[in-house]
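Enquirer: here's my sequence, what's the structure:
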Amino acid sequence: SVNYYNNVLHYIDSLVGEILDDLKSKCDLDNTCVIITGDCGYDFNDLNKNYWGHFSNFSRFQTQVPCVVANVGGLKGDMNCRTSHYDIAPSIMNDLFEIDASIHDYGLGKPLSDTGEASDILVSNGCHMGLITDEYIVNLYKNGESQFYDHSMNPHEFGSIDEKSFRAALFNMKRFYAPN
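Expert: Model prediction:
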């Protein structure tokens, strides 16, 4: 399984190289916004909890993905803070296109250049949702039940969800769904 994964990564790296070479031949790469990322990580039982693959939990091994951003605003170097794919649109709109509209009008997240306090992140795997905070990860099931974990995926009794954070995350997601 690990060997297969490494072979796939090697192949993907070669394709990214081809794309970048093609861009270099057609435009000034120094003035071209390039964003390369993935949709989910892959767990090889990294926490010794028998989690394999993806979509089985919301640990960092399954939610932390590479995100390479070139020529967007003043971003330089590595970022060592929690970010989300939600942060890409505000980065492009605010830092690259200098849009005057409020981020709340068109997206979630915050510009990647905003290295302030990390926000809670609402995640989903198609079966259930989760909320990742500084203190815990909570799985939220369709039947209304929830399960708390620490960041090593140990079940934990944190008491209750920070209702204000959870409601804010759900409200933000709801803004982009049209009523039936």
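Enquirer: what residues does the residue with the largest distance to the centre of the chain make contact with?
Expert: In the chain, residue 25 marks the outermost C-alpha relative to the chain mean, sitting 30.9 Å out by C-alpha atoms, centre = their mean. If you count contacts by C-beta atoms under 8 Å, 6 or more residues apart in numbering, residue 25 has none. Heads up, the C-betas are built off the backbone N, CA and C, glycines and all.
Enquirer: from residue 68, how far out is it?
Expert: Per C-beta to C-beta, to the nearest Å, residue 25 is found 20 Å from residue 68.
Enquirer: tell me the secondary structure at the residue farthest from the centre of the chain.
Expert: Three-state call for residue 25 (DSSP: H, G, I helix; E, B strand; the rest coil): helix.
Enquirer: how close does it get to residue 70?
Expert: Relative to residue 70, and taking C-beta to C-beta, residue 25 is found at 17 Å.
Enquirer: and residue 41, by the same measure?
Expert: As defined by C-beta to C-beta, residue 41 lies at a distance of 22 Å from residue 70.
Enquirer: equivalent analysis for residue 45, please.
Expert: Noted for residue 45: a distance of 34 Å to residue 70, by C-beta to C-beta.
Enquirer: again with residue 113
Expert: Counting by C-beta to C-beta - residue 113 and residue 70 are separated by 14 Å.
Enquirer: before we move on, what about residue 154?
Expert: Residue 154 sits at a distance of 38 Å from residue 70 (criterion: C-beta to C-beta).
Enquirer: who has more neighbours out of the two?
Expert: Between residue 154 and residue 70, counting by other C-beta atoms under 10 Å, residue 70 is the more crowded of the two (13 against 10).
Enquirer: hang on, that one packs against residue 37?
Expert: No: applying C-beta atoms under 8 Å, one finds residue 70 not in contact with residue 37, separated by 12.0 Å.
Enquirer: identify the contacts common to residue 113 and residue 70.
Expert: Joint contacts of residue 113 and residue 70 (C-beta under 8 Å, 6+ apart) do not exist.
Enquirer: could I get the phi/psi values of residue 132?
Expert: Note on residue 132: backbone dihedrals following degrees, to the nearest 10 are phi -100, psi 120.
Enquirer: contacting residues around it?
Expert: 58, 63, 82, 120, 121, 123.
Enquirer: leaving out sequence neighbours, find the closest residue to the residue nearest the centre of the chain.
Expert: Centroid-nearest residue in the chain: residue 84, 3.3 Å away (criterion: C-alpha atoms, centre = their mean). Setting aside the residues directly before and after it, residue 84 is nearest to residue 121 in space (C-beta to C-beta, 6 or more residues apart in numbering), at 4.8 Å.
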